[in-house]
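Chemist: A structural model of the following input is requested.
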Amino acid sequence: MSLSFSDRALPAISANNRVEPAPWSSTHCPVPRRTNRWWVAGLVAATIGAGPPAILCAAEPDMGVRSPDAVRIQTTIRNQTGQTANDFHAQVSAKVEKGTDITGARVSQNTFPNETVNRTASNTFEFDLSGAEVPNNGVMPLDMIVWLTQQNAILFDWYWTRDGVPIGGRGGMGFRAGLPQPGGAGGNPGQQGGGGGGGNFVHGFSFYNPGDKPLSLLSLSIFASMDYYEAMDQINWGAVAPVLTSPTEVLPGQSWDYLFETTGDYVNGHLYFMASFVDDPEAQIVFGDHPVYVTPDTGGTLAILGLGVLCLFAFAQRRRLVNWLAEKKPTPGVSRSDGIEPPGERQAE
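Modeler: Alright, predicted model coming up:
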């Protein structure tokens, strides 16, 4: 039984059950050899205050900023339906925001032999697993990789079925790690791997509950690192100070939000997290990785602002000079009131 989140479900993408992102290469925006420098100055000035641009190329306006690394989730899902399940269905989506699409996704698991992956919208894909039984209280390890056109929240929800008939309520979770912004006090050194750069930064972190029942977080830890960990459970989480230490209930459709502070912006690094839950602290542990791949808009805007103001000032001065020269330009045979005589032979007195 396929999920019914959309009536535009596409056929299965490929035999290896993955929706691949399009090959990534740098966008080439050719610049003509002869360029009006004042037009360029105006363009620079016009971009002031708009934040880091996605791509300044009209040929591909919707391409956006592509993460060089994928957002990853590693978790174990327990069958708590009270029945034996032989199908599992899930949906992964990005929050609906302009310019945000899921360009690729991959699911890895060893429980079900049959997998079907469908892309149902530009920001959503669904997968259906079948061909095996998971008894009540049984668990299924699951890894997911998602490629996005720009940084966004990832939402993951699921349900179990028996011969296509739903046998349990929906489960779900989601998370988002925002772009680093200047601020904070440098954070806890025990939550950082170091080497993330200079200055103090904050990263807005949110843990979502897209399911239909309350989600009780037991603990949550966040770790900033410039290193890539293929197996996120291999991080020494015992040495990472948790950011959530007491049970917290997240109601359906809501989120738990936190400002995570770091020394340095950790651009080109990673924000990892580990979360456990009150009702299943041993098995249902979630690991996540959200790459930090966009340079924060700190000194860049000020530099562009200064350049833009300088260009505008130069443009204004150029206009004033042109106008002044136009006023001073002599007209043959006409005397000027300012005492400047026209060129040519001086008239005889």
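
Chemist: hey, let's count contacts and neighbours off CA atoms from now on
Modeler: OK.

Chemist: and the next element down the chain from the worst-scoring helix or strand of the chain on mean pLDDT?
Modeler: Taking mean pLDDT, DSSP states H and E as the measure, the helix or strand of the chain with the lowest value is helix 37-46, at a mean of 34. On the C-terminal side of helix 37-46, the nearest following helix or strand under DSSP states H and E is strand 71-78.

Chemist: What strands line up against that following strand, and which way round?
Modeler: Here strand 71-78 is paired, per DSSP bridges, with strand 139-148 (antiparallel), strand 285-292 (antiparallel).

Chemist: Show me the helices in this protein, by range?
Modeler: 37-46, 299-328 (DSSP state H).

Chemist: Which of the ones you listed has the lowest mean pLDDT?
Modeler: Comparing mean pLDDT across the helices of the chain, the lowest value falls on helix 37-46: a mean of 34.

Chemist: Do you know the pLDDT at the closest residue to residue 179 other than its chain neighbours?
Modeler: Using CA to CA, 6 or more residues apart in numbering and skipping the chain neighbours, the partner closest in space to residue 179 is residue 203 (6.0 Å). We have a pLDDT of 96 for residue 203.

Chemist: Could you give the bridge partners of residue 203?
Modeler: Residues in a beta bridge with residue 203, per DSSP bridges, are residue 260.

Chemist: and the spatially closest residue to residue 139 that is not a sequence neighbour, how many neighbours?
Modeler: Closest residue in space to residue 139, ignoring its immediate chain neighbours: residue 78 at 4.2 Å, by CA to CA, 6+ apart. Per other CA atoms under 10 Å, the neighbour tally for residue 78 reads 17.

Chemist: what do you get for the one 3 residues further on?
Modeler: Neighbouring residues of residue 81 were enumerated by other CA under 10 Å; the total is 17.

Chemist: for it, what are its contacts?
Modeler: Applying CA atoms under 8 Å, 6 or more residues apart in numbering to residue 81 gives the contacts 136, 137, 160, 167, 168, 169.

Chemist: one more time with 6 Å
Modeler: Applying CA atoms under 6 Å, 6 or more residues apart in numbering to residue 81 gives the contacts residue 168.

Chemist: quick one: low-confidence parts of this structure?
Modeler: Along the chain, segments meeting pLDDT under 70 span 1-69, 169, 281-283, 294-349.

Chemist: Quickly list the domain ranges of it.
Modeler: Domain assignment of the chain by automatic domain parsing yields the ranges 65-291, 295-325.

Chemist: most tightly surrounded among those?
Modeler: Each of these was scored by mean neighbour count; the highest is domain 65-291, a mean of 19, by mean count of other CA atoms under 10 Å.

Chemist: hang on, isn't residue 176 packed against residue 151?
Modeler: No. Residue 176 is beyond contact range of residue 151, at 8.3 Å (criterion: CA atoms under 6 Å).

Chemist: Pretty sure residue 199 sits against residue 264.
Modeler: Yes. Contact between residue 199 and residue 264 holds when scored by CA under 6 Å: they sit 5.1 Å apart.

Chemist: Who does the closest residue to residue 175 other than its chain neighbours form a beta bridge with?
Modeler: Distances taken as CA to CA, 6+ apart place residue 207 nearest to residue 175, at 4.4 Å, with adjacent residues excluded. Taking DSSP bridges as the rule, residue 207 bridges to residue 175, residue 256.

Chemist: Just want to check the distance between residue 207 and residue 177.
Modeler: Between residue 207 and residue 177 the computed distance is 9 Å (CA to CA, to the nearest Å).

Chemist: How about residue 279?
Modeler: As judged by CA to CA, residue 279 and residue 177 stand 25 Å apart.

Chemist: which residues touch residue 102?
Modeler: Per CA under 6 Å, 6+ apart, neighbours of residue 102: 123, 147, 148.

Chemist: can those go into a markdown table with extra columns for distance to residue 284?
Modeler: Listed next are the contacts of residue 102 as a markdown table, based on distance: CA to CA, whole Å:
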| residue | distance to residue 284 |
| --- | --- |
| 123 | 26 |
| 147 | 24 |
| 148 | 25 |
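
Chemist: List the beta-bridge partners for residue 121.
Modeler: Under the criterion used (DSSP bridges), residue 121 bridges to residue 124.

Chemist: Make residue 1 into 690 and carry on from there
Modeler: Right, with 690 as the first residue, what we last looked at is residue 810.

Chemist: Now residue 953: closest residue in space that isn't a chain neighbour?
Modeler: residue 886 (3.9 Å).

Chemist: The residue nearest to residue 864 reaches residue 943, doesn't it?
Modeler: No. Contact criterion CA under 6 Å: residue 896 and residue 943 do not qualify, at 8.6 Å.

Chemist: doesn't residue 872 make contact with the residue nearest to residue 868?
Modeler: No. Using CA under 6 Å, residue 892 is not in contact with residue 872, being 9.3 Å away.

Chemist: Name all residues that make contact with the nearest residue to residue 848 once chain neighbours are set aside.
Modeler: Residue nearest to residue 848 in three dimensions, not counting chain neighbours: residue 859, with 4.9 Å by CA to CA, 6+ apart. Applying CA under 6 Å, 6+ apart to residue 859 gives the contacts 847, 848, 900, 901.
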